[in-house]
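Engineer: fold the following and give me the result.
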Amino acid sequence: MKKGTVWVIGASSGLGLATAQAFARDGWLVVSGARSFGESAADDPAEDGIRTFRLDVTDVQSREAFAQSALVVSPRVDALVYCAAVLVLGACETTSYAEYERVMQTNFLGMTSLVSTVLPVMRRQGKGKIVLFSSINGLLGIPFQSAYTASKHAVEGYAECLAMEVKPFGVQVCLVEPGDHRGGSQRTRLHAQGEGSASPYEAAYQTACGAIHRDESNGLLPETLGRKLVRNVNRKRMRFRLVVAKPDQRLAVVLHDVLSPALNFKILRDYYGKGGRA
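Structural biologist: Reported below is the predicted structural model:
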């Protein structure tokens, strides 16, 4: 007997893969989707108990095909976990419309579509749990991450609206707000095409990228987040916000809320302007 069926979206690497594996170890039937997965899944579950289907969250036909395949595996959707995300590093000025669009399509709009897909199933069941990946960047801005930060701010606002709307149907919502973690795929960490030697931001950009890389390399283990997320989903009442971050990044969120914008901006600009050296 499985605890339930969970869809994990964006589960090919990093936090998504760790989350899918944590659910599988906990006894859930896991149906996972990612762009890098094959066109079709094997008839039998993978060795680790995870069914994998190809899913491009930016493509409507791919989303529909994934949902159809997942509902064949199990007619239930007890939990949806949306982890799919892409990061484009670049100055606001040099990040193109197309690059902003790509980030929003992956991080936000694909998410809203998958939520709309599972909600009719959850309403029929009379219960369900939806877990949406935001970020510490959903709570504060960081230089040269405007596209990612904007998408995660959108996730934050959407999740608050969603939680109020679906409560009467027995559906719960959780926002996961990770800090830096190790092991993310470089395929989803891109650089704006407008950044280069001709960019007026080049020196500051390279220094900030050094800080970002350093923080990710020294981040938490993805398995830590996976365990905490599953533990929250297993609660009778999920916590709405689940912050999984190191103490200094938790502190940054607190300071963002209590300090003046000018002082907060100075702290962050100094940190990223020194390559992550306090």
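Engineer: my guess is Leu251 is in a helix, correct?
Structural biologist: Yes: counting by DSSP: H, G, I helix; E, B strand; the rest coil, Leu251 is located in a helix.
Engineer: for Ala98, grab the count of nearby residues.
Structural biologist: Ala98 has 10 neighbours, counted by other Cβ atoms under 10 Å. In this view, the C-beta of every residue, glycine as well, is placed from N, C-alpha and C.
Engineer: how near is it to Val57?
Structural biologist: Distance, Ala98 to Val57, by Cβ to Cβ, to the nearest Å: 17 Å.
Engineer: swap in Arg182?
Structural biologist: Noted for Arg182: a distance of 24 Å to Val57, by Cβ to Cβ.
Engineer: and Arg51, by the same measure?
Structural biologist: Counting by Cβ to Cβ - Arg51 and Val57 are separated by 17 Å.
Engineer: list the buried residues of stretch 106-126.
Structural biologist: Going by neighbour count (16 or more other Cβ atoms under 10 Å), the buried part of stretch 106-126 is 106-108, 110-111, 113-115, 117-119, 121-122, 125.
Engineer: now do stretch 249-258
Structural biologist: Gln249, Ala252, Val253, His256.
Engineer: may I see those organised as CSV, with pLDDT and distance to Cys174 added?
Structural biologist: CSV is the format used below for the buried residues of stretch 249-258 (pLDDT from 0 to 100; distance: Cβ to Cβ, whole Å):
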residue, pLDDT, distance to Cys174
Gln249, 92, 19
Ala252, 92, 22
Val253, 92, 17
His256, 93, 21
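Engineer: I'd like those residues as TSV, with distance to Gly194 appended.
Structural biologist: Output for those, formatted as TSV (distance: Cβ to Cβ, whole Å):
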residue	distance to Gly194
Gln249	28
Ala252	28
Val253	30
His256	28
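Engineer: gap between Leu17 and Glu195?
Structural biologist: Taking Cβ to Cβ, one finds Leu17 at 29 Å from Glu195.
Engineer: need the outlier residue of the chain, farthest from its centre.
Structural biologist: Ala198 (32.3 Å; Cα atoms, centre = their mean).
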